[in-house]
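Student: Sequence first, predicted coordinates after that:
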Amino acid sequence: MEKRRQVKLEDVAALAGVSKTTVSRVLNNRGYLSEATKQRVHEAMEQLHYCPNAIARQLFTQKTNLVGLVFPTVNDPFFGQLEAGLDECLYENGYRTLMGNSQNNPQKEEQYLQLLLNHQIDGLIVGAHNQAMPDYLQTNLPIVSIERAVAPQIPVVASDNYRGGQLATQRLLDAGCQHIIHTNYPKDVMTTNQDRRKAYEDLMSQAGYPAITYKVNYDTPMEEKKAIFARLFDEHPEVDGIFADNDTNARLALTAATEAGRRCPEDIKIIGFDGADMTRLLLPELTTIQQPIQEMAEAAVELLKEEIAGEPADQYRTLPVKLVEGTTA
């Protein structure tokens, strides 16, 4: 069977009765062209089933319409919903996405970053914890971070974590809790989660109660996390309230409380943080602080578009949170 010859730019030009330059200008929407000329070129392309060479167009426009995403994992309700929201919002703005999940591993994150940069992406949206990575500091690529302090010059989109910490802690105090324990990352992890800790510590100090935070790293294996919560109840049998820094940890706290023979909310009250759609579906009884995940995605894309266009972008954009009622607190 005779191999079908690939249709070239000059074939379109010949059929449309124009020059190759004119066809190129139509493809890239450059310069003034009459509607009649545009129509002839498009009709010729359709008749010949001509597919423009994407790589050639990228070289001409210096744009790939690709945006890279680097986040810890999609195996988490918050990050899964956030990445889905980013992908949808970027698509609506004419961009495709390349995703990499770093599992908070600096080496893996660096490999993903190099892979994305090799694809000549137009911009990057990140949510990993590995701040001050040289590749972020040295590249001139437009970058926006979500809920993470990556580097001083990179804009950050975050929810109002301090206000969220206030809402959660005050809710437990108003319910009569006096021995409230918080969970969070170690203090050397530069994430906006630390604002939740700060609010908790401030309100506990004002109330005259001790502030106790258990360290739970995001990438700690699940069995180790379970052991941490079991130890929490062994070491602090007086605990009557838990403010978990995310809904996954709140779920683990609920399970550990049950195993310790504690009833919720009668014996202990628990509040989470994130309020992702999947969590609300699977654990509707959880009282939690809900982040505006879709709005965060939209804000990150808006800032990235400004950076790509060479416009000055906000260095920090904060979005409001709200308390979602449940029966656990």
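Tutor: Sure, I can see it. Numbering: from 1, shown residues only.
Student: Show the residue spans covered by the strands in the stretch 101-250 of the chain.
Tutor: For the stretch 101-250 of the chain, the strands identified by DSSP state E, counting those that start in this stretch occupy 123-126, 143-146, 156-159, 180-184, 212-215, 241-243, in order along the chain.
Student: which residues touch the residue nearest to K269 when sequence neighbours are not counted?
Tutor: Ranked by C-beta to C-beta, 6 or more residues apart in numbering and with sequence neighbours excluded, the top spatial neighbour of K269 is A329, at 4.0 Å. To be clear about C-beta, it is placed using only N, CA and C from the backbone, and glycine gets the same treatment. The contact partners of A329, taken as C-beta atoms under 8 Å, 6 or more residues apart in numbering, are R171, L172, A175, G241, P265, K269, I270, I271, T287.
Student: Buried ones among the residues you listed?
Tutor: Burial by neighbour count, 16 or more other C-beta atoms under 10 Å: within those this picks out R171, L172, G241, P265, K269, I270, I271, T287.
Student: and the gap between the second one and C264?
Tutor: Which is L172. L172 is 12 Å from C264, where distance means C-beta to C-beta, to the nearest Å.
Student: wait, isn't S159 in contact with A297?
Tutor: No. S159 lies out of contact with A297 (C-beta atoms under 8 Å); the separation is 11.9 Å.
Student: Which one's more surrounded, these two?
Tutor: The neighbour comparison of S159 against A297 (other C-beta atoms under 10 Å) goes to S159, with 26 against 23.
Student: who touches the more buried one in this structure?
Tutor: Under the criterion of C-beta under 8 Å, 6+ apart, the contact list for S159 reads E147, T192, Q291, P292, M296, T318, L319, P320, V321.
Student: And F79, by the same measure?
Tutor: Taking C-beta under 8 Å, 6+ apart as the test, what F79 contacts is F71, P72, T73, G127.
Student: Among the contacts of A329, which ones are in helices?
Tutor: In helices, judged by DSSP state H, the following of those are found: R171, L172.
Student: Switch the contacts of A329 over to a markdown table; also include pLDDT.
Tutor: Below are the contacts of A329 laid out as a markdown table (pLDDT from 0 to 100):
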| residue | pLDDT |
| --- | --- |
| R171 | 98 |
| L172 | 98 |
| A175 | 96 |
| G241 | 98 |
| P265 | 96 |
| K269 | 98 |
| I270 | 98 |
| I271 | 98 |
| T287 | 98 |
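Student: ok, D240 - contacts?
Tutor: Each residue near D240 by C-beta under 8 Å, 6+ apart is listed here: G176, C177, Q178, H179, I180, D267, I268, K269.
Student: my guess is the fourth one contacts E235, does it?
Tutor: When you say that, I think you mean H179. No. H179 is beyond contact range of E235, at 11.7 Å (criterion: C-beta under 8 Å).
Student: More neighbours: those two, which one.
Tutor: Set H179 next to E235 and count neighbours by other C-beta under 10 Å: H179 wins out with 16 against 12.
Student: can the contacts of A329 go into JSON lines with extra columns for distance to T258?
Tutor: Compiled in JSON lines, the contacts of A329 are given as follows (distance: C-beta to C-beta, whole Å):
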{"residue": "R171", "distance to T258": "21"}
{"residue": "L172", "distance to T258": "19"}
{"residue": "A175", "distance to T258": "19"}
{"residue": "G241", "distance to T258": "16"}
{"residue": "P265", "distance to T258": "12"}
{"residue": "K269", "distance to T258": "14"}
{"residue": "I270", "distance to T258": "11"}
{"residue": "I271", "distance to T258": "17"}
{"residue": "T287", "distance to T258": "16"}
